[in-house]
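Participant: have a look at this fold, sequence not included:
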């Protein structure tokens, strides 16, 4: 299995621009999670999906952030408009959702820099 | 609110020595715990897990200990190697929380040659 795939791996953009991050979870996993990691705040859960349906988006910072999961193999996290304080590493993770299989497997992350 | 926390921000050990990384959790309803390792420039990687009905679990060179009485979790790494240098996170799953994990802030393990 290729693991969780994220793209792009690095993104540099200017303030005000739209940013779209992409994730392909591990095949067969029913849960997908988006995290943001910064030195100051550590690893924060932004939103997670179960069977393509958003379950908890309480971690989404504000309306500039949105996430979708149109099918079981693809999810996007969009920031519009982006701001310098959005600079962080964004991780996608997936898990099986089966009983006693709560382990989340992380992708390599997207390193976002907003100038 | 209840959360997972780590006692020390950094830990420096001599190569070949054993390492012990500690984690305190405050939610007594958590029933599943995981240790992750994050190397520079990479995503967190699963190391080992343990359920609340156990107090010890061993893997290859790693052991996780769970003390539910004092809500304490530890990761022991035997014969620490330079490749073990990374940030380590503990995470907890609240029973019935639909696979949602709560992560601690992380501790850096630095291995001296």
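Facilitator: Thanks, I have it. The shown structure was predicted, so the numbers you read here are calculated from the model rather than taken from an experiment.

Participant: where do the helices sit along chain A?
Facilitator: Applying DSSP state H to chain A gives no helices.

Participant: residues near whichever residue of chain A sits closest to chain B, how many?
Facilitator: Going by C-beta to the nearest C-beta, chain B is nearest to residue A:106 of chain A, at 3.5 Å. (Glycine included, C-beta is placed from N, CA and C.) Residue A:106 is flanked by 22 other residues according to other C-beta atoms under 10 Å in any protein chain shown.

Participant: for it, give me its contacts.
Facilitator: Residue A:106 sits next to A:4, A:35, A:91, A:92, A:93, B:36, B:43, B:44, B:45 when contact means C-beta atoms under 8 Å, 6 or more residues apart in numbering or on different chains.

Participant: which non-adjacent residue is nearest it?
Facilitator: Spatial nearest neighbour of residue A:106, chain neighbours left out: residue B:43 (3.5 Å); criterion: C-beta to C-beta, 6 or more residues apart in numbering or on different chains.

Participant: likewise for residue A:16?
Facilitator: Nearest to residue A:16 is residue A:81, by C-beta to C-beta, 6+ apart, at 4.5 Å.

Participant: list the contacts for that neighbour?
Facilitator: Per C-beta under 8 Å, 6+ apart, neighbours of residue A:81: A:15, A:16, A:17, A:18, A:64.

Participant: what sits against the first one?
Facilitator: Read it as residue A:15. Contacts of residue A:15 by C-beta under 8 Å, 6+ apart are A:81, A:82, A:83, A:84, A:114, A:115.

Participant: pretty sure residue B:14 is touching residue B:110, no?
Facilitator: No: counting by C-beta atoms under 8 Å, residue B:14 stays clear of residue B:110, with 10.4 Å between them.

Participant: bridging residues for the closest residue to residue A:25 other than its chain neighbours?
Facilitator: Counting by C-beta to C-beta, 6+ apart, residue A:94 is the residue found nearest to residue A:25 once chain neighbours are left out, at 3.4 Å. Following DSSP bridges, residue A:94 is listed with bridge partners residue A:32, residue A:105.

Participant: spell out which parts of chain B neighbour chain A.
Facilitator: B:32, B:34, B:36, B:42-46, B:49, B:51, B:89, B:93, B:98-101, B:103-106 (C-beta under 8 Å from any C-beta of the partner chain).

Participant: cutoff 10 Å now
Facilitator: Applying C-beta under 10 Å from any C-beta of the partner chain, one finds that chain B approaches chain A through B:6, B:31-32, B:34, B:36, B:38, B:41-46, B:49, B:51, B:87, B:89, B:91, B:93, B:97-106.

Participant: might you report the residue contacts of the residue most central in space within chain A?
Facilitator: Taking C-alpha atoms, centre = their mean, the centroid of chain A lies closest to residue A:34, which sits 3.0 Å from it. Residue A:34 sits next to A:21, A:23, A:44-49, A:57, A:59-60, A:65, A:67, A:69, A:75-77, A:90-93 when contact means C-beta atoms under 10 Å, 6 or more residues apart in numbering or on different chains.

Participant: what's the answer for residue A:111, then?
Facilitator: By C-beta under 10 Å, 6+ apart, the contact list for residue A:111 reads A:8, A:9, A:10, A:11, A:12, A:37, A:87, A:88, A:89, A:90, B:41.
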